[in-house]
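In: The following comprises the amino acid sequence and a computationally predicted model.
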Protein chains: 2
Amino acid sequence: MAETDPLRAAMIEAAERQLASSSDHEVATRAVCEAVGVSQPVLYRLFGDKRGLLDAVADHGYERYAALKAAQERTGDPVADLRAGWDGHMAFAQANPALYQLMFTPRPWSHSTARDRVMDLLVAALTRCAAAGALKVEPRTAAQLILSANIGTALHHLARPALFDDPALSHRMRDAVFSHVLAEPPAQQDADPLRAAALRLRAQLRLGGTEALEPAETALLERWLERITQP
Amino acid sequence: MAETDPLRAAMIEAAERQLASSSDHEVATRAVCEAVGVSQPVLYRLFGDKRGLLDAVADHGYERYAALKAAQERTGDPVADLRAGWDGHMAFAQANPALYQLMFTPRPWSHSTARDRVMDLLVAALTRCAAAGALKVEPRTAAQLILSANIGTALHHLARPALFDDPALSHRMRDAVFSHVLAEPPAQQDADPLRAAALRLRAQLRLGGTEALEPAETALLERWLERITQP
DNA sequence: TCTGCCATGAAATCAATGATACCGACAGAC
DNA sequence: GTCTGTCGGTATCATTGATTTCATGGCAGA
């Protein structure tokens, strides 16, 4: 995962700098090469083509994003972490608008994994919530909802900063989605306590597994729990 | 509003066709000119530059969008219309992915009004809901929430169609945002009936105005209502 | 130590494309 | 009838993504 090629890293950073400073969110391969003092064929040998360079920039952006997440999470309350994660996402978008669009706006032919890895991070955070019994839908479903809403809100903020009475709108959206995804705060009697318990156990299993059962037994248990927690 | 210049209209349609069929969501000014049998300077006289052409394509996309909305709305239940509007938005995105991104993805230097006009359409639909007493926040606030979520969900669908267990995810998001924005379905006792009544009157005023008051009186009433409905 | 190979990178160049300068033609006004 | 201005075309420039071709230097093996 570490960047082993210093030249490659330098070109990625130069490209990101030019992306951030260019007025039209564009970057010229020539300018990137000149910035690091090499000629164009080097770029094409390292990245294949311009899309490859942009993919690398997006993936590098993910590293920054993940570092920011790692620095702020795990307060002990997974739901509080989740809320902080939403705000951190918004802050990242505002701090790196061009990079953010590169990472989260659909680009044809893009092979960047930034978006999926952000989703994985979110699924992990949600699985911790589920293990605490705080989730009322599948972590993957919740992740898609939250990420879509987060990206939509951030892009709206970038497109129309004037309309955006920050951060009230962001928090409204956050609360709307979270309340649809999180269980009621207190130990409110669940309509189906069996299903609730099954969901909880399933999340705990995914989180750490168990050594009390054989792998085959665990797999079968997984399938039973899946049937119990079916809508 | 009507397109009076047939040449201009032809170029916009050619550009939209090429945008939809191109694999990278790009369009070449030369190709557009050749498609309609004129030379490049014509394009630059009509649209200024390539961005002007793309803005015109986006605005033309809005016309199609508005026509779709006009064809489906007004069933008598403004809330049902709102739900149908969400689904119509998703369908438009799926049917015209490239055009959709052009319209709703932030583009530096864009002067297209498509996004704002879609927002206006949504505010109008929400004002009808407010007039029926079905809204618990300001129409403009609700519009920003709904549009952001709708765009975020649609872009997620375009970026990761495989993950998207359509239309369940879209409807989850819709319900989450709507339940945060709409009043409870039955005539549940409002916590602050005065404020509720004021909100309702305010929406009715905006919808149709009144001839019982002078314009200056109406303006003052507006400001009073604003103070009453303040958080 | 010499020799040949190959990885690396630079110069020059190609091709596509956004944008413009300049010219000609036709229509309507006076 | 001539003048003017709008409209469109030809030719051209400039930028930029991408490639071809050639030089260089280090390393393996004899």
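Out: Thanks, I have the structure now.

In: give the contact list for the residue lying farthest from the centre of chain A.
Out: Centroid-distance maximum for chain A: residue A:39 at 34.8 Å, with CA atoms, centre = their mean. Counting by CB atoms under 8 Å, 6 or more residues apart in numbering or on different chains, residue A:39 touches residue A:33. For every residue, glycine as well, the C-beta is placed using N, CA and C.

In: C-terminal to the least confident helix or strand in chain A by mean pLDDT, what's the next element?
Out: Counting by mean pLDDT, DSSP states H and E, chain A has its least confident helix or strand at helix A:193-208, which shows a mean of 69. Under the assignment DSSP states H and E, the closest C-terminal helix or strand after helix A:193-208 is helix A:215-228.

In: and that next one, what other elements does it pack with?
Out: The contact analysis (3 or more CB pairs under 8 Å, 6 or more residues apart in numbering or on different chains; DSSP states H and E) places helix A:215-228 against helix A:193-208.

In: Check what pLDDT the residue farthest from the centre of chain A gets.
Out: If you check residue A:39, the pLDDT there is 90.

In: shaky segments in chain A?
Out: A:1-4, A:73, A:185-198, A:200-201, A:204-205, A:209, A:225, A:228, A:231 (pLDDT under 70).

In: now do 80
Out: The model of chain A has pLDDT under 80 over residues A:1-5, A:73, A:166, A:184-214, A:217-231.

In: tally of neighbours for residue A:74?
Out: 11 (other CB atoms under 10 Å in any protein chain shown).

In: Then residue A:67?
Out: 10.

In: Please, which helix or strand holds it?
Out: helix A:50-72.

In: which residue packs closest to whichever residue of chain A sits closest to chain B, ignoring adjacent ones?
Out: Closest residue of chain A to chain B, CB to the nearest CB: residue A:152 (2.0 Å). With sequence-adjacent residues excluded and distances taken as CB to CB, 6 or more residues apart in numbering or on different chains, residue A:152 is closest to residue B:152, at 2.0 Å.

In: gap between the one you found and residue A:165?
Out: Using CB to CB, to the nearest Å, one obtains 18 Å as the distance from residue B:152 to residue A:165.

In: the more surrounded of these two?
Out: Between residue B:152 and residue A:165, counted using other CB under 10 Å, residue B:152 has the larger neighbour count: 26 against 12.

In: residues near residue A:19, how many?
Out: Considering only other CB under 10 Å, residue A:19 is surrounded by 21 other residues.

In: chain center to the helix or strand that contains it, what's the gap?
Out: According to DSSP H and E, residue A:19 maps onto helix A:6-21. Its chain's C-alpha centre and that of helix A:6-21 lie 22 Å apart, by CA atoms, centre = their mean, to the nearest Å.

In: Pull out the buried positions in the helix or strand following it.
Out: Downstream of helix A:6-21, the next assigned helix or strand under DSSP H and E is helix A:29-36. Neighbour counts over helix A:29-36 (16 or more other CB atoms under 10 Å in any protein chain shown) mark A:29, A:32-33, A:36 as buried.

In: Equivalent analysis for stretch A:170-180, please.
Out: Neighbour-count burial for stretch A:170-180 [16+ other CB under 10 Å]: A:170, A:172-174, A:176-178, A:180.

In: And stretch A:58-75, by the same measure?
Out: Buried residues in stretch A:58-75 (16+ other CB under 10 Å): A:58-62, A:65-66, A:68-69, A:73.

In: Looking at the residues you listed, spot the one nearest DNA strand D.
Out: residue A:58 (15.6 Å; CB to the nearest atom of the strand).

In: Just give the nearest non-adjacent residue to that closest one, would you?
Out: Closest to residue A:58 by CB to CB, 6+ apart is residue A:112, at 3.9 Å.

In: Could you do residue A:164 as well?
Out: Nearest non-adjacent residue to residue A:164, counting by CB to CB, 6+ apart: residue A:157, 4.8 Å away.

In: and that neighbour, that's in a helix?
Out: Yes. Counting by DSSP: H, G, I helix; E, B strand; the rest coil, residue A:157 is part of a helix.

In: That one: what's it in contact with?
Out: A:90, A:93-94, A:164, A:166, A:170.

In: hmm, 7 Å instead?
Out: A:93-94, A:164, A:166 (CB atoms under 7 Å, 6 or more residues apart in numbering or on different chains).

In: filter those residues to the buried ones?
Out: Here, 16+ other CB under 10 Å leaves A:93, A:164 buried among the contacts of residue A:157.

In: secondary structure element for the spatially closest residue to residue A:66 that is not a sequence neighbour?
Out: Nearest non-adjacent residue to residue A:66, counting by CB to CB, 6+ apart: residue A:121, 6.5 Å away. Assessed by DSSP H and E, residue A:121 sits inside helix A:114-131.

In: Show me what from chain A comes close to DNA strand C.
Out: When proximity is defined by CB under 7 Å from any atom of the strand, chain A lies next to DNA strand C at A:7, A:37-42, A:45.

In: got the residues of chain A near chain B?
Out: A:23-25, A:101, A:105-106, A:108-109, A:115, A:144-145, A:148-149, A:151-153, A:155-156, A:158-159, A:163, A:169, A:172-173, A:175-177, A:180 (CB under 7 Å from any CB of the partner chain).

In: which of the residues you listed count as buried?
Out: Buried by 16+ other CB under 10 Å: A:25, A:101, A:105-106, A:115, A:144-145, A:148-149, A:151-153, A:155-156, A:158-159, A:163, A:169, A:172-173, A:176-177, A:180, out of the residues of chain A next to chain B.

In: Distance check, residue A:72 against residue A:87.
Out: With distances taken as CB to CB, residue A:72 is found 9 Å from residue A:87.

In: ugh, typo on my part, it should be residue A:56
Out: Counting by CB to CB, the separation of residue A:56 from residue A:87 is 28 Å.

In: what about the two, which has more around it?
Out: Remark: of residue A:56 and residue A:87, residue A:56 carries more neighbours, 22 against 15, as counted by other CB under 10 Å.

In: wouldn't the more buried one be in contact with residue A:47 here?
Out: Yes. Contact status for residue A:56 versus residue A:47: in contact at 6.0 Å, counting by CB atoms under 7 Å.
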